[in-house]
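Enquirer: Okay, structure incoming, though there's no sequence with it:
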């Protein structure tokens, strides 16, 4: 199990706090793409964990919704 956790990439992003549930709903539609955790609900900071080989897919999904979510990437 530790090897799996070590092989996950992650990123933190800031989005419009009102869009947290929308983002979670959309990401759940992409089976096994990411694990989303809310870091700070008031500030809209969320963390995404995903297999490193899916990084381009994750970034593509985020880019497609960036304007609606008012997304800022932290890395």
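Expert: Okay, I see it. No experiment lies behind these values; they were computed from the predicted model shown.
Enquirer: Now do the strands in the protein.
Expert: Using DSSP state E, the strands found in the chain span residues 8-14, 35-40, 45-51, 72-73.
Enquirer: Mind checking those for the one nearest to residue 65?
Expert: Proximity of these to residue 65 was assessed by C-beta to C-beta; the nearest stretch is strand 8-14, lying at 10.6 Å. From N, CA and C alone the C-beta is placed, and that goes for glycine too.
Enquirer: where in the chain is pLDDT low?
Expert: By pLDDT under 70, the low-scoring segments of the chain are 1-6, 75.
Enquirer: Skipping its backbone neighbours, what lies nearest the residue nearest the centre of it in space?
Expert: In the chain, the centroid-proximal residue (C-alpha atoms, centre = their mean) is residue 48; its distance is 3.6 Å. The spatially closest residue to residue 48, leaving aside those adjacent along the chain, is residue 34, at 4.6 Å (C-beta to C-beta, 6 or more residues apart in numbering).
Enquirer: just checking, the one you found touches residue 59?
Expert: No: contact criterion C-beta atoms under 8 Å: residue 34 and residue 59 do not qualify, at 10.9 Å.
Enquirer: Show me which helix runs longest in this protein.
Expert: helix 55-69 (DSSP state H).
Enquirer: which strands and helices sit next to that helix?
Expert: Contact analysis of helix 55-69 by 3 or more C-beta pairs under 8 Å, 6 or more residues apart in numbering; DSSP states H and E lists strand 8-14, helix 20-29 as its packing neighbours.
Enquirer: now with 10 Å?
Expert: With contacts defined as 3 or more C-beta pairs under 10 Å, 6 or more residues apart in numbering; DSSP states H and E, helix 55-69 has these neighbours: strand 8-14, helix 20-29, strand 45-51, strand 72-73.
Enquirer: Could you say which of those is packed most deeply?
Expert: Neighbour counts averaged per stretch over these are highest for strand 45-51, at a mean of 19; criterion: mean count of other C-beta atoms under 10 Å.
Enquirer: who's in contact with that strand?
Expert: 4-5, 7-15, 17, 19-20, 23-24, 27, 30, 32-40, 57-59, 61-62, 69, 71-72, 74 (C-beta atoms under 10 Å, 6 or more residues apart in numbering).
Enquirer: Many thanks, have a good one.
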